[in-house]
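Asker: Dropping a prediction and its sequence here:
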Amino acid sequence: MVKEAEKTLGKPLCVAGFRIFQAALERGVRSKVLADVLQIIELAPLFSPMTPYGRKMSVQMTSAGRLGWYSDRSGYRYAERHPSGTTWPQIPASVLEIWQAFLPDAPPPDSCLVNYYGEGARMGLHQDRDEGDFSFPVLSVSLGDDALFRMGGTVRRGKTSSVWLKSGDVVVIGGAARLAYHGIDRIRFGSSSLVPGGGRINLTLRVVR
Ligand code: MD3
Ligand code: FE
């Protein structure tokens, strides 16, 4: 299932512990994962979180697993329920298989964040610091349209490198990279036909605890 075509980001590598596996997921796997994600979205519809600063994010989100990422005026956090009040759907087996293939020694993820990028959506440079434990890696799966991913170091104003993430790419973030600044500058809307209606879906699997 997984092609181990490891490639490092840009040059120079800003921080160690960031691994990108280009086209790691075969076509059949990509469409199976997409079908499972569309089912998650039916049970737990996408929403646009409000940042603590009172701005609506351009990325739409939902989650699967015990915990889902949530944000509103009182801050960023993980929550046990979707804003509608239901618990989050289970993480699909197709997605857990990817985690197990890349991180056989890690405990299973308890959160799968689903990010949907429509035309013009972006995600500003940020750190992921809402988890209880930074010792476990994070795994990201890209589906659909290409996205320009920017990765920096652990200080906000440090050097950054950019790379286009494509459908079927898997990124494993561990070690020093776990607290690195990163974001999505833009997507090439319509560059892939995988997601119905266009756009990009990113799954981020985490051990939150
Ligand atoms: C680097 N998502 O949801 S995934 C996020 O493509 C997020 O939707 C982006 O950043 C997206 O928080 C990037 C790749 C990724 C995920 C987690 C990281 C890169 C990371 C955590 C630390 C450093
Ligand atoms: Fe992030």
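Answerer: In hand now; what should we look at? Numbering: from 1, shown residues only. Ligands and ions are numbered 1, 2, ... in the order given.

Asker: and the gap between residue 198 and residue 175?
Answerer: Residue 198 sits at a distance of 35 Å from residue 175 (criterion: CB to CB, to the nearest Å). Glycine gets a C-beta too; all of them are placed from N, C-alpha and C.

Asker: now swap in residue 40 and tell me
Answerer: Distance, residue 40 to residue 175, by CB to CB: 29 Å.

Asker: Comparing these two, which shows the higher neighbour count?
Answerer: A direct count of neighbours by other CB atoms under 10 Å for residue 40 and residue 175 places residue 40 higher, at 23 against 16.

Asker: Give me the pLDDT value at the more buried one.
Answerer: On the pLDDT scale, residue 40 is placed at 98.

Asker: What about residue 72, how many residues nearby?
Answerer: For residue 72, using other CB under 10 Å, the count is 14.

Asker: tell me the contacts of it?
Answerer: Applying CB atoms under 8 Å, 6 or more residues apart in numbering, we find residue 72 in contact with 49-50, 52.

Asker: ok, and what's touching stretch 149-156?
Answerer: Identification of contacts with stretch 149-156 by CB under 8 Å, 6+ apart yields 9-10, 14-15, 18, 125, 127, 158-165, 171, 176-177, 179-185.

Asker: now the residues you listed: which count as buried?
Answerer: When those are checked for burial by 16 or more other CB atoms under 10 Å, the buried set is 9, 14-15, 18, 125, 160-161, 163, 165, 171, 177, 180-184.

Asker: In contact with residue 94, which residues?
Answerer: Residues in contact with residue 94 (CB under 8 Å, 6+ apart) are 29, 32-33, 36.

Asker: Equivalent analysis for residue 108, please.
Answerer: Residue 108 is in contact with 96, 99, 207, counting by CB under 8 Å, 6+ apart.

Asker: number of nearby residues for the last one?
Answerer: So the one you mean is residue 207. By other CB under 10 Å, the residues close to residue 207 number 22.

Asker: measure the nearest residue to it once chain neighbours are set aside to residue 204 for me?
Answerer: Computed as CB to CB, 6 or more residues apart in numbering, the closest residue to residue 207 that is not its neighbour in sequence is residue 136, at 4.0 Å. From residue 136 over to residue 204 the distance is 13 Å, taken as CB to CB.
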